[in-house]
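1. next comes the sequence, and after it the predicted model I'd like to discuss.
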Amino acid sequence: MLERHREEDQHTVESDLHTKASQRITRLQTEAAQMRRWLADHTEDRKGSKGTIRKSNRTDNESAKMATSKGVIQDYTGVAAVDARHQIIVEAQAHGTGSEQELLIPVVKAMKDMLTENTLITADAGYHSEANLKTLGEMEVDALIADNKMRSRDERFVEQGKYKALPDPIHDKGGKPNKAARYQPKDFDYDASKGTCICPAGKQLYSDGSGCTINGYAAVRFQGAQRDCVPCTHREHCLQKPEKTKTRQVTFFCGKAGQESYTDKMKKRIDSAEGRSRYGRRFATVEPVFGNLRYNKGLDRFTLRGRKKVDAQWKLFCLVHNIEKLAHHGYGQ
């Protein structure tokens, strides 16, 4: 046995490191050339909502790279529209994009024939954009779409920060957020109805005009008085260069100049008592459906490649959900 092993050891069974490196370089160059040719022949393919190329891979170029709590993954997004009364899925689609904003209008258009004059569509902040709200307005579709700061304006969530769990050190790769070096506009007490502004030190700032326009947005600007700012003990936290700047200026934006934007109109609707009540039903309508599909039905990931197959898999699970709903409500008897 030993003699046989010694004979085998004398034979060269593996290439040397230089040969391996050359083979790897050749393979990478070949793959890079293939990708360049594909991109040259498909210049309009895989365009994102903002016109940029959506990152993908060679294995499944219809999928997309998505940032999640577990890192960046290659996957699809499954969206569903659910009836509020019975939690029946009325429309389901899967797309190779991580941006939910560009998926709202295709879903609404797909169920256009099902909408009535009493239909109200609700969606979370992931679907909010000025373009989406404008399109819904032009389609005359009644909707309540939340924005990212909806809860910060709601007094019911004023203490929500204390209930948030600490970030997971294993999955949180973002690092600690940098604290602002100086006071931000949100730290000032601005009363739009009275036209007053109080600084964190308790001093009233004066308006330097009736209003101005900055990059197409109407704004109101305030400035502190020298008698208040120069001797103030908050100068280090308030001014970027306290040794050179005497007084602090602060600007508050009031939406698009000239006309009220669709976003501003939506904020007024969703911040009203009726809007909060109607939008609050969204969570109990659609989230249990996703919970049922993900945990009870076991769809914790898509297992196929290509949008057509993934879309079919998503619709199949949604169909099973609907059949189960109908069976439990006695339609099968």
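-> Yep, it's here.

2. mind listing what residue 260 touches?
-> Contact analysis of residue 260 by C-beta atoms under 8 Å, 6 or more residues apart in numbering lists nothing. In short, each C-beta sits where N, CA and C put it, glycine included.

3. which strand or helix spans it?
-> Under the criterion of DSSP states H and E, residue 260 resides outside all helices and strands.

4. now do stretch 244-257: everything it contacts.
-> With contacts defined as C-beta under 8 Å, 6+ apart, stretch 244-257 is touched by 183, 185, 188, 190, 192, 197, 199, 205, 208, 211, 213-214, 216-226, 229-230, 238-239, 261, 263-264.

5. then stretch 194-212?
-> Here stretch 194-212 makes contact (C-beta under 8 Å, 6+ apart) with 183, 187-191, 218-225, 228-229, 232-234, 237-238, 248-250, 252, 254.

6. quick one: buried ones out of those?
-> Applying a neighbour-count criterion of 16 or more other C-beta atoms under 10 Å, the buried members of the contacts of stretch 194-212 are 183, 188, 190, 219-224, 228-229, 232, 234, 238, 248, 250.

7. tell me the one among these nearest to residue 41.
-> Of all these, residue 41 sits closest to residue 219, with 47.8 Å by C-beta to C-beta.

8. direction included, what does the least confident helix or strand in the chain by mean pLDDT pair against?
-> Of all the helices and strands that make up the chain, strand 212-214 has the lowest average by mean pLDDT, DSSP states H and E, namely a mean of 77. Partner strands and pairing direction for strand 212-214 (DSSP bridges) are strand 217-223 (antiparallel).

9. tell me how far the strand it pairs with is from the chain's mean position?
-> Remark: strand 217-223 is offset 29 Å from the chain centroid, using C-alpha atoms, centre = their mean, to the nearest Å.

10. rewinding a little: which of the contacts of stretch 194-212 fall in strands?
-> Within those, residues falling in strands by DSSP state E are 189-191, 218-223, 249-250, 252, 254.

11. pLDDT score for the residue most central in space within the chain?
-> The residue at the geometric middle of the chain, judged as the C-alpha nearest the mean C-alpha position with C-alpha atoms, centre = their mean, is residue 126 (4.4 Å). Residue-level confidence at residue 126 comes out at 90, pLDDT.

12. likewise residue 25?
-> Per-residue confidence at residue 25 stands at 94 (pLDDT).

13. give the burial count for it, as a bare number.
-> Here the neighbour count serves as a burial measure; for residue 25 (other C-beta atoms under 10 Å) it reads 10.

14. downstream of the host helix or strand of it, the next helix or strand is which one?
-> Using DSSP H and E, the secondary-structure element containing residue 25 is helix 17-41. Tracing the chain C-terminally past helix 17-41 and defining elements by DSSP H and E, one meets strand 64-68 next.

15. now for the ones in strands among the contacts of stretch 194-212, which pair is the farthest apart?
-> The span of those, defined through C-beta to C-beta, is set by 189 and 218 at 20.2 Å.

16. follow-up on the earlier one: distance of the nearest residue to the residue nearest to the centre of the chain once chain neighbours are set aside relative to residue 30?
-> Of all residues beyond its chain neighbours, the one nearest residue 126 is residue 100 (3.8 Å), with distances taken as C-beta to C-beta, 6 or more residues apart in numbering. Noted for residue 100: a distance of 37 Å to residue 30, by C-beta to C-beta, to the nearest Å.

17. go on, residue 305?
-> Counting by C-beta to C-beta, the gap between residue 305 and residue 30 amounts to 22 Å.
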